[in-house]
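In: Need coordinates for the following:
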Amino acid sequence: MADGPRYLRIADLLREEIRSGTWKPGDRLPSHTELAAQMRVSITTARNAIQVLVAENLLYTATSRGTIVRSQEVLESVVTTHIRLDRPKSAQDIFSEIARAAGREPAKQFSARMEPASAEVAMWLGVPKDSWVVSRTVVQYLDNEPWSWEISFYPRDLAEVTGIDSPHDIPEGTTRRLVERGYAETAHRDTIVARPATAEEAAVLGVGIGTMLLDHLRIGATAERITRVTRHRSTAARNRLAYELGEDAGTDIIRRVLGAPHPPGNSHSFGNSLVPGPP
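Out: Next up, the predicted model:
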């Protein structure tokens, strides 16, 4: 190992082993205690070495599984897909569709609650501050790896009439639920910002504080009202957002040139793929 603090030398060694394939995505590294014994250093030194690689997005920590090697692939999501009016019915939501189309296994942790609208949420939804809104939170995983964090807010009256106030997950997704109940969104405003992760975001996503995130805010509306606001946060280095705009014939040509996959039975429902990430 090169000269320098011991924890950095251990991080250098582990980084090289990950890049050479000694440790593959999904592999569990030795525990801090095991690593300390192998390297003949203190547990603090071993922990600091691991934290270096967590901050570099090469590893993540899971309470029940230890320290895991991250996938280095990039998930591309066509974010205009799930708001298409011709999107076919399905028993799974858009994240599950994207993941399975890319050959990954999706999972999620869901929670819902009624809460008073903050000044920010009230502004987005066009409702009075402190009025009741429904908040639906999903932490999404790919092959057990924390991938993204999504929080959606809905006006209380709309959530109640559409059943979105349910304390349970809606497998087909809330976009389809709104369509089914007569509230198909006809307009959207998206704002995407790349910024460092806060301590809370880092803890949820299993990344280091300051890791660059994509913070994607979408506000949806019908011709009569705003229906929801969704905030989706994911690691910038592992996610790519794409938009498909214009007529279908041109979109098909672009997809053929790019080699984007098309699911059986519908040539316009996906444009998602996994591509190698940076070395």
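
In: Now do the contacts for the nearest residue to residue 216 once chain neighbours are set aside.
Out: In this structure, residue 216 finds its nearest non-sequential neighbour in residue 232, 4.5 Å apart by CB to CB, 6 or more residues apart in numbering. All C-beta atoms are positioned from the backbone trio N, CA, C, and that covers glycine. Counting by CB atoms under 8 Å, 6 or more residues apart in numbering, residue 232 makes contact with 148-150, 214-218.

In: what does residue 239 give?
Out: 74-77, 147-148, 214.

In: of all those, which comes closest to residue 252?
Out: residue 76 (17.3 Å; CB to CB).

In: you'd agree residue 123 is in a strand?
Out: No - counting by DSSP: H, G, I helix; E, B strand; the rest coil, residue 123 is not part of a strand but helix.

In: Could you measure from it over to residue 153?
Out: 11 Å (CB to CB, to the nearest Å).

In: List the contacts of stretch 183-202.
Out: Identification of contacts with stretch 183-202 by CB under 8 Å, 6+ apart yields 79, 83, 85, 149, 158, 162, 175, 178, 205, 207-223, 227-228, 233, 236, 241.

In: How about stretch 113-128?
Out: 129-135, 153-156, 165, 217, 219, 225-226, 228-229.

In: Quick one: buried ones out of the residues you listed?
Out: Burial of these was assessed by neighbour count (16 or more other CB atoms under 10 Å); the buried members are 132-135, 153-156, 165, 219, 226, 228-229.

In: I'd like those as JSON lines, with secondary structure appended.
Out: Listed next are the buried ones among the contacts of stretch 113-128 as JSON lines, based on three-state DSSP:
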{"residue": "132", "secondary structure": "strand"}
{"residue": "133", "secondary structure": "strand"}
{"residue": "134", "secondary structure": "strand"}
{"residue": "135", "secondary structure": "strand"}
{"residue": "153", "secondary structure": "strand"}
{"residue": "154", "secondary structure": "strand"}
{"residue": "155", "secondary structure": "strand"}
{"residue": "156", "secondary structure": "helix"}
{"residue": "165", "secondary structure": "coil"}
{"residue": "219", "secondary structure": "strand"}
{"residue": "226", "secondary structure": "strand"}
{"residue": "228", "secondary structure": "strand"}
{"residue": "229", "secondary structure": "strand"}
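
In: Among those, which one sits closest to residue 103?
Out: Closest approach to residue 103 among the buried ones among the contacts of stretch 113-128 (CB to CB): residue 228, at 30.0 Å.

In: Next up, the contacts around that closest one.
Out: Contacts for residue 228 (CB under 8 Å, 6+ apart) come out as 125, 152-154, 158, 174, 178, 185, 219-220.
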